[in-house]
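>>> Provided below are the primary sequence and the corresponding predicted coordinates.
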Amino acid sequence: MSYNHEVSDLPAPELVLRVARADDPGGRSDVTRLAALDSAAVPPGPYVIASLGDRAIAARSLSTGATVADPFTRTADVLPMLELRADQLQRASLVARPGRLWRRIGVRTT
């Protein structure tokens with residue numbers, strides 16, 4: 001009996017991290033869906049959202065640090081990346097141009 005164990009030629013979906021404002025309808029709907037799957041409250045925006053292909057799998061609030069994730073997708077390796085990216089955005093806004101980045105993505109700085 002012979003088994004053919006070929007590796008698929010299809011590329012793995014690309015992981016994309018993006019920033020979404022609280023008033024971005026696409027970002028807000030992604031976070032709302034993730035919160036429902038995670039049985040959690042929708043955290044306040046803005047967000048860093050991790051997507052595999054065209055599907056959001058985790059999101060982190062830039063305001064509070066609260067995270068929601070799809071419990072049916074492996075996200076253990078993605079969550080530290082969301083945390084790192086959020087920290088980078090916070091440091092960049094505080095060191096380089098205080099307030100400018102936060103205003104651009106919708107966080108009040110006053």
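Nice, I can see it. Numbers count the residues shown, from 1 in each chain.
>>> Sketch out the helices for this protein, chain order is fine.
Assigned by DSSP state H, the helices in the chain fall at 25-37, 78-95, 100-105.
>>> With mean neighbour count added, can I get these in TSV?
In this view, the C-beta of every residue, glycine as well, is placed from N, C-alpha and C. Listed next are those as TSV, based on neighbours: other Cβ atoms under 10 Å:
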stretch	mean neighbour count
helix 25-37	17
helix 78-95	15
helix 100-105	15
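>>> So which of those helices is nearest residue 12?
helix 78-95 (13.5 Å; Cβ to Cβ).
>>> Residue 49 is in contact with residue 33, isn't it?
No - look at residue 49 against residue 33 with Cβ atoms under 8 Å: they stay out of range, at 10.9 Å.
>>> per-residue confidence at residue 94?
Note for residue 94: predicted pLDDT of 57.
>>> Repeat that for the one 5 residues further on.
Among the per-residue scores, residue 99 shows a pLDDT of 55.
>>> And for residue 73?
Reading off the model, residue 73 has pLDDT 93.
>>> what about it, distance to residue 37?
According to Cβ to Cβ, to the nearest Å, residue 73 and residue 37 sit 9 Å apart.
>>> do residue 71 as well
From residue 71 to residue 37 the distance is 6 Å (Cβ to Cβ).
>>> if I look at those two, which residues touch both of them?
By Cβ atoms under 8 Å, 6 or more residues apart in numbering, residue 71 and residue 37 have no common neighbours.
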